[in-house]
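Student: only geometry, no sequence info:
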């Protein structure tokens, strides 16, 4: 969508949706089990604001795709246009336009990103003042050990808990590029 593609042609996966309530509704729509009334009411609560029809056995798969598209693409249209403007202002847009293969490097899909403990540890601002140094050291060591022993899925959940988003921060090579742009 950023590079001019049609929203209907975008490859969207459940992991691309950051709203956990909508993820739950989409999960309810997957499969072929008969939906209970409580499940139907959860689904309907998501459908009403987007003017989508009530769920039936016939429209179940279609509705799942529409909800996923609204949740991922519909909510980011304004941000995409702002991002596009920023890329044009910084000169990065020309690079992305001339090298479409670079788009996936600059903007990796969340579903493809493997979160490592080092990525999380680098983003933590460790405490420096207040409290006893022994207690602070114990807390830091516990958190450090906790992060290093978690899987990629657990680290994404931890990041979502801390920041409210499952999106990974800017890759390090982009930081280096940003530093070189700041020098201009």
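Tutor: Looks like it came in fine. This is a predicted model, so every value here is computed, not measured.
Student: Tell me where the longest helix sits in this structure.
Tutor: Longest helix in the chain, counting residues (DSSP state H): helix 133-148.
Student: what about it, distance to the chain center?
Tutor: Distance of helix 133-148 from the chain centroid (C-alpha atoms, centre = their mean, to the nearest Å) equals 28 Å.
Student: buried residues in that helix?
Tutor: For helix 133-148, burial by neighbour count (16 or more other C-beta atoms under 10 Å) applies to residue 147. For glycine as for every other residue, the C-beta is placed from the backbone atoms N, C-alpha and C.
Student: ok, now stretch 40-59?
Tutor: So stretch 40-59, judged by 16+ other C-beta under 10 Å, has buried residues 42-43, 46-47, 52, 55.
Student: Quick one: end-to-end distance for it.
Tutor: 13 Å (C-alpha to C-alpha, to the nearest Å).
Student: close enough to count as contact, residue 64 and residue 27?
Tutor: No - at 9.3 Å, residue 64 does not count as touching residue 27 under the criterion of C-beta atoms under 8 Å.
Student: Which one's more surrounded, these two?
Tutor: For residue 64 versus residue 27, the count of surrounding residues by other C-beta atoms under 10 Å is larger for residue 64: 19 against 12.
Student: Count the residues that sit near the nearest residue to the more buried one once chain neighbours are set aside.
Tutor: Of all residues not flanking residue 64 in the chain, residue 29 sits nearest, at 3.9 Å (C-beta to C-beta, 6 or more residues apart in numbering). The number of residues packed near residue 29 is 20, by other C-beta under 10 Å.
Student: how near is residue 29 to residue 57?
Tutor: 11 Å (C-beta to C-beta, to the nearest Å).
Student: anything in contact with each of those two?
Tutor: By C-beta atoms under 8 Å, 6 or more residues apart in numbering, residue 29 and residue 57 have no common neighbours.
Student: ok, which stretches of the protein are helices?
Tutor: Using DSSP H, helices in the chain cover 20-29, 37-47, 60-69, 77-90, 92-98, 103-106, 117-122, 133-148, 152-163, 172-183.
Student: What are the structural domain limits within the protein?
Tutor: With domains defined by automatic domain parsing, the chain comprises 1-106, 113-183.
Student: Show me the least confident stretch of these, going by mean pLDDT.
Tutor: Comparing mean pLDDT across the domains of the chain, the weakest is domain 113-183, with a mean of 69.
Student: For the helices of the chain, give me JSON lines that also has distance to residue 11.
Tutor: Formatted as JSON lines, the helices of the chain follow (distance: least, C-beta to C-beta, whole Å):
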{"stretch": "helix 20-29", "distance to residue 11": "15"}
{"stretch": "helix 37-47", "distance to residue 11": "22"}
{"stretch": "helix 60-69", "distance to residue 11": "11"}
{"stretch": "helix 77-90", "distance to residue 11": "16"}
{"stretch": "helix 92-98", "distance to residue 11": "18"}
{"stretch": "helix 103-106", "distance to residue 11": "11"}
{"stretch": "helix 117-122", "distance to residue 11": "24"}
{"stretch": "helix 133-148", "distance to residue 11": "31"}
{"stretch": "helix 152-163", "distance to residue 11": "19"}
{"stretch": "helix 172-183", "distance to residue 11": "23"}
